[in-house]
Each structure stands twice: as C-alpha cells, then as structure tokens.
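In: Here is the input, now give the coordinates:
(chains A and B)
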2 protein chains.
Amino acid sequence: MTVLSESLLSLQKSLQLLPGIGEKTAQRLAIHLMSNSKDKAKLISDAILNALDKCKPCSNCFLLSDTNPCPICADDSRDSSLLCIVENSKDIFLIENTNEYHGRYFVLGNLLSPIDGIGVNEIRLKELDLFIKNNCFSEIILALSPSTEGETTMQFLSEHISQFGINVTRLSTGIPYGGDMEYSGVSTLVNAFRRRYPIKD
Amino acid sequence: MTVLSESLLSLQKSLQLLPGIGEKTAQRLAIHLMSNSKDKAKLISDAILNALDKCKPCSNCFLLSDTNPCPICADDSRDSSLLCIVENSKDIFLIENTNEYHGRYFVLGNLLSPIDGIGVNEIRLKELDLFIKNNCFSEIILALSPSTEGETTMQFLSEHISQFGINVTRLSTGIPYGGDMEYSGVSTLVNAFRRRYPIKD
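Out: Numbers count the residues shown, from 1 in each chain, chains lettered A, B, ... in the order given. Okay, the predicted model is just below:
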C-alpha cells in the first residue's frame, strides 16, 4: 500500500514529463511544493498558463515569442543577407548571448534521426524554402550540433539548399576552449589535426 | 538585448523556484515545454492546481494527504503503541516503502537550525505534545537525519519528551550497506567502532 496521496502522485507523474527529471526527483519536488511552498506552486502553474497563452512560434522564423513577428524578424537593423539555421529557440538565445552574430535565424524544430522516425517531414523544410525565397540571403550558416543527427541534417540541408545557389557554411569544429585534449574523443582530435590553422591567423 | 520573451522569462524564473533547478536548467525546461510539449505543460499546471486544492496536512500527524485523517491515522490495524517522528512527509513514504515499521507517524515540519533562524517555534512542538497526550505510545522513534540539525533536534526532543516518561529511541548509525569504508567520514567511522556489535547478533 502506498500512502502517497492521489493528487501528489499525479503531480509527481506530471513533473516526470520534464526532461532530466526522474521518479525520485519528481517526488521530492512534488512534496516540496505541497509542504512549504504552496505560493511557489501557484506561481509556477500561473507562469505555465501565461506562457501557453502568450508564447507562440514566430510565423517567419519560428522563434518562440510573445509577439508576431518576433523581435528579431521585426528588427530592421539586423543583417538581412545572413541566415542562421538552428535546431530550436534555445540555440538562438545562446547565440544572441555571444553578441557575435547579427543576421536572421530560422528554427528547424528537429534534427533528422531516421532511427527515431524523424525524417524530412518532421523538420520545417517547406517553411524554410518559403523563408529563403522571400529573402535575399548571401550566406546560410548551419548552426547545428556536430552529433550524428546534426551531421546528417547538415549534409541533407547543404544539398537541399544548393538549388537556391546560396553559399552554405557550418560552425567550426575542434577542441573547445578550456577543454582538455585528454578528454577529447578520437574524432574530435582527428578533426582538430585536419583543420589545424596557423597560430598567427 | 535579450530575445527571450517575457512569458518565457517568467516561466523560467518560476521554475527556478524549485530546489536544485538553476537558471540554465530552468531555461531549458521552459523552452522545452513551450516548443513541443504544450500538452505536458498543461498537464503540469493542472496537476499543481489539483494538488493545491486537494493535498493538505493530516490534522493529527501532518502527513500530506487528500483525506483527513490521512490513510495511516485512519488505519486501525497500525500499531498504536509506536510513534515515529520524521522531518517531512517524504520520509514517511521512504519508511513505508521498507514495510518494516507499522506504527504511527508525526511530521515535525523542520529540523532545529539556530543559524537559519529555525527554533522551537518553527517545529510542530505543541501539536506533537497534543498528539502524544491523545495517544498511548510506549516508544517514540526519532527518525531524523544524523546531520548537525538532526542531532540538535533529536537532543532537544529527547529531553522534551522525557516529561511524558516514554522510551525514546533513534535509528542506528554506521557505515551504510553497499557503502565504501574509504568514503566514510571520520565521525561515521568513530561511531561505527564505538557501536560495533557481535557478528552473530
């Protein structure tokens, strides 16, 4: 017999839907919220409902935004000759944070992964084509992770975009700053050797 | 300029209220929920509101429960001569899971921690006195963590309960099963030597 009440169990199960939250953590969070944090619990519930109501993908680039078009699509000062394709909105926040890139973005929504049943119909390909046709990009940067899925997707997109005759690039790969060579995988090291560059660049 | 929309930022901030969830994880969860998991987000919000509505501390033992009295207080088959005092409801679920203890419980709500301003007014002392007076316990087990706060609380409760003339015990301390002596702290090892017992017990 479990003495965990039905409402606590439902709350636990719902929190387990979050990525990286297992059964034990979910139970701990549920009990925490109901023990001495009922005001926090209400805040979270309200914030979820508010975001569900207001936060939608931009109809141009699919960045999650409270406005449509999003602040980036609405910003005339951005470099409209550059397009950066990312997997999801989080990547845009990461890149904006660097203050390095000032062009436009497009959120693909997924990476190709045949093994998980994610094919070309599961990425925003038609929307991307339309976005490219409606703009005058001189370069398209594929800012996807160099994972198996990312590599597959970059290979596919590079071929697909060739029909538009636009220059396609990808982010540099190599040993990360602050990283330790000892913990770099073989393919990272092989790539780092092959793509080595003069110190006085 | 941040392009993180206001509603996403509010959701992130609210998720950061959860213990163990930092800024980065909260942002990842918020974007995940709004990207491809809007149905999950609604489920979580609903589960929080449902638990806020239904889940209350039992008026006898303060276990979080959808019913009052809770299933344990309402269960006549429990051993009503034993009382186990725990810090919070989670501990009751942990102990019930062992199927080792079949007495009653009392949820203290906090451990004494003068440095954090948690004194005797922040634990359910009056409620505990009333609970003890209204029952006939022959033994009270202090099932609190052997941390500084737990030890302080057990010391205090042991003296406080002496007025009722009831036998007070605590859970055994020592090297945990499956644990490695190498990683046991000095006080654990000292305690383990002092409390050693015959192998044929």
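In: mind listing the helices for chain A?
Out: Taking DSSP state H, the helices of chain A run over residues A:6-15, A:23-36, A:38-54, A:89-98, A:125-133, A:148-161, A:186-194.
In: Format those as a markdown table; extra columns: mean pLDDT.
Out: Shown next, in a markdown table, are the helices of chain A (pLDDT from 0 to 100):
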| stretch | mean pLDDT |
| --- | --- |
| helix A:6-15 | 93 |
| helix A:23-36 | 90 |
| helix A:38-54 | 92 |
| helix A:89-98 | 89 |
| helix A:125-133 | 96 |
| helix A:148-161 | 95 |
| helix A:186-194 | 83 |
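In: Those into JSON lines, with extra columns for distance to residue A:68 and mean neighbour count?
Out: C-betas here are computed from N, CA, C, even on glycine. Output for the helices of chain A, formatted as JSON lines (distance: least, C-beta to C-beta, whole Å; neighbours: other C-beta atoms under 10 Å in any protein chain shown):
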{"stretch": "helix A:6-15", "distance to residue A:68": "29", "mean neighbour count": "21"}
{"stretch": "helix A:23-36", "distance to residue A:68": "33", "mean neighbour count": "19"}
{"stretch": "helix A:38-54", "distance to residue A:68": "11", "mean neighbour count": "18"}
{"stretch": "helix A:89-98", "distance to residue A:68": "14", "mean neighbour count": "18"}
{"stretch": "helix A:125-133", "distance to residue A:68": "14", "mean neighbour count": "15"}
{"stretch": "helix A:148-161", "distance to residue A:68": "25", "mean neighbour count": "17"}
{"stretch": "helix A:186-194", "distance to residue A:68": "40", "mean neighbour count": "12"}
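In: can you redo those helices as TSV with distance to residue B:13?
Out: As requested, those are exported to TSV (distance: least, C-beta to C-beta, whole Å):
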stretch	distance to residue B:13
helix A:6-15	18
helix A:23-36	16
helix A:38-54	7
helix A:89-98	15
helix A:125-133	31
helix A:148-161	30
helix A:186-194	36
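In: Reformat the ones you listed as JSON lines; add distance to chain B.
Out: Converted to JSON lines, these look like this (distance: least, C-beta to the nearest C-beta, whole Å):
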{"stretch": "helix A:6-15", "distance to chain B": "4"}
{"stretch": "helix A:23-36", "distance to chain B": "5"}
{"stretch": "helix A:38-54", "distance to chain B": "4"}
{"stretch": "helix A:89-98", "distance to chain B": "5"}
{"stretch": "helix A:125-133", "distance to chain B": "15"}
{"stretch": "helix A:148-161", "distance to chain B": "15"}
{"stretch": "helix A:186-194", "distance to chain B": "23"}
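In: among the ones you listed, which is nearest residue B:59?
Out: Nearest to residue B:59 among the helices of chain A is helix A:23-36; the distance by C-beta to C-beta comes to 15.6 Å.
In: before we move on, back to that, for the helices of chain A, which one sits closest to residue B:35?
Out: Closest to residue B:35 of the helices of chain A, according to C-beta to C-beta: helix A:89-98, at 6.3 Å.
In: In terms of secondary structure, what does that closest one contact?
Out: Counting contacts by 3 or more C-beta pairs under 8 Å, 6 or more residues apart in numbering or on different chains; DSSP states H and E, helix A:89-98 packs against strand A:79-86, strand A:103-107, helix B:23-36.
In: Now those in CSV, please, with extra columns for distance to residue B:155.
Out: Converted to CSV, the helices and strands packed on helix A:89-98 look like this (distance: least, C-beta to C-beta, whole Å):
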stretch, distance to residue B:155
strand A:79-86, 57
strand A:103-107, 58
helix B:23-36, 37
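In: Quick one, which of those gets closest to residue A:2.
Out: helix B:23-36 (26.9 Å).
In: and the angle from that closest one to helix A:89-98?
Out: Per axes from the mean of the first three to the mean of the last three C-alpha atoms, to 10 degrees, the angle that helix B:23-36 makes with helix A:89-98 is 140 degrees.
In: what helices or strands is helix B:23-36 leaning on?
Out: Partner elements for helix B:23-36 (3+ C-beta pairs under 8 Å, 6+ apart): helix A:38-54, strand A:64-65, helix A:89-98, helix B:6-15, helix B:38-54.
In: Repeat the analysis, applying 6 Å as the threshold.
Out: Contacts defined by 3 or more C-beta pairs under 6 Å, 6 or more residues apart in numbering or on different chains; DSSP states H and E place helix B:23-36 against helix B:6-15.
In: which residues sit against the helix it packs on?
Out: Here helix B:6-15 makes contact (C-beta atoms under 6 Å, 6 or more residues apart in numbering or on different chains) with A:43-44, A:47, A:50-51, A:54-55, A:66, B:21, B:26-27, B:29-30.
In: Between those, which sits nearest residue B:84?
Out: Checking those against residue B:84 by C-beta to C-beta gives residue B:21 as the nearest, at 30.7 Å.
In: now that closest one, nearest residue through space, not along the chain?
Out: In space, and not counting its chain neighbours, residue B:21 is closest to residue B:15: 5.7 Å by C-beta to C-beta, 6 or more residues apart in numbering or on different chains.
In: For stretch A:168-175, buried residues please.
Out: Of all the residues in stretch A:168-175, those buried under the rule 16 or more other C-beta atoms under 10 Å in any protein chain shown are A:168, A:170, A:174.
In: try stretch A:60-75
Out: Neighbour-count burial for stretch A:60-75 [16+ other C-beta under 10 Å]: A:60, A:61, A:62, A:63, A:64, A:65, A:66, A:70, A:71, A:72, A:73.
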